[in-house]
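Engineer: With the input below, show me the fold.
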Amino acid sequence: MRNYTIYAGCLASGLMLSAVNAAVLVAADGQDTAYTVLTNDLLETNLSNAIDALTPNAGENTAAGGNDFTVLANGAFGDISTDGRFESYVIQDGVVTYELDVSTNTLGYDISSIITYAGWADNNRGTQAYTVSYSVVGDSGFTDITTVNNTPDLFTQERTTITENSTGILATGVDAVRFTFGTQQFSGVGYKELDVVGSATVPEPSSSALIGLGSLALLARRKRS
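Structural biologist: Residues are numbered from 1 along each chain as shown. Purely as a prediction, here's the structure:
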């Protein structure tokens, strides 16, 4: 496995403006063996709907087994013992939007990391390039988290990990995550898995509750006096 290549960019405007020196970190690495992907991320455990507006490279996607976009969130990297292209969905360009289930978690979700995987039988269709964005509960607009534009390497399987260096939270109150793919390397990259890691957003204490806690603390001090 090669060493991580890491670059940082300013966090998009939105709910994280209070973070000091907050930056999104994007790390890319590669190897010639299969990765272990998550089976309990938000796209598998809290997905409400997925809107597919992707354009596959039809010829190469047939070579990959004729997969559809559902392999991107099925919790499987795929067997590469005979051919690293299998379990890939060869994306030429387009958009896929994942709507999260907010029927129970009505405040949405805190996103802590995003991990994406690509791979092929050789190193020609694994270099990832996309923009990932999110919307929050009560607002249908999308805010960019970061744009990934990896450098081609010599490995057949590649992983990209997106995190945040200050609070550890990329976005809060999220109800949808969108991946926008521009024109890909060789007119099609074999994406294998998209993992969005997070947990339900917890409401912050109201100002009245904080005042109440302060009053209780003051009363306890007076009694001790």
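Engineer: Could you use CA atoms for every contact and neighbour count after this?
Structural biologist: OK.
Engineer: what pairs with the residue nearest to the spatial centre of the chain across the strands?
Structural biologist: The residue lying closest to the centre of the chain (Cα atoms, centre = their mean) is I114, at 2.8 Å. I114 has the following beta-bridge partners by DSSP bridges: I162, V196.
Engineer: residue contacts, it?
Structural biologist: Taking Cα atoms under 8 Å, 6 or more residues apart in numbering, we find I114 in contact with 161-163, 194-197.
Engineer: Can you show me the CA trace of the helix or strand where V90 lies as PDB?
Structural biologist: Per DSSP states H and E, V90 falls inside strand 89-100. What follows is strand 89-100, C-alpha atoms only, in PDB (Å, rounded to 0.1, in the frame of the first residue of the first chain):
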ATOM      1  CA  TYR A  89     -20.100   0.400 -11.600                       C
ATOM      2  CA  VAL A  90     -18.300   2.300 -14.400                       C
ATOM      3  CA  ILE A  91     -19.400   5.900 -14.100                       C
ATOM      4  CA  GLN A  92     -18.900   8.200 -17.000                       C
ATOM      5  CA  ASP A  93     -20.500  11.300 -15.400                       C
ATOM      6  CA  GLY A  94     -23.700  12.300 -13.600                       C
ATOM      7  CA  VAL A  95     -25.200  12.600 -10.100                       C
ATOM      8  CA  VAL A  96     -26.500  10.300  -7.500                       C
ATOM      9  CA  THR A  97     -28.400  11.600  -4.500                       C
ATOM     10  CA  TYR A  98     -28.900   9.600  -1.300                       C
ATOM     11  CA  GLU A  99     -31.900  10.800   0.800                       C
ATOM     12  CA  LEU A 100     -31.600   9.700   4.500                       C
END
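Engineer: Can you give the distance of it from its chain's centre?
Structural biologist: Centre-to-centre, strand 89-100 and its host chain are 12 Å apart (Cα atoms, centre = their mean, to the nearest Å).
Engineer: That strand - contacts with which helices or strands?
Structural biologist: Where contact means 3 or more Cα pairs under 8 Å, 6 or more residues apart in numbering; DSSP states H and E, strand 89-100 is packed against helix 42-45, strand 47-56, helix 58-63, strand 171-181, strand 189-200.
Engineer: Run through the chain and note the low-pLDDT ranges.
Structural biologist: Within the chain, the stretches with pLDDT under 70 are 1-22, 206-225.
Engineer: secondary structure class for L72?
Structural biologist: Put simply, L72 is helix when judged by DSSP: H, G, I helix; E, B strand; the rest coil.
Engineer: And for T39?
Structural biologist: coil.
Engineer: What separation do you get for S48 and Y98?
Structural biologist: According to Cα to Cα, to the nearest Å, S48 and Y98 sit 8 Å apart.
Engineer: the more surrounded of those two?
Structural biologist: The neighbour comparison of S48 against Y98 (other Cα atoms under 10 Å) goes to Y98, with 22 against 16.
Engineer: What's the local residue count around V202?
Structural biologist: So V202, with other Cα under 10 Å, has 14 neighbours.
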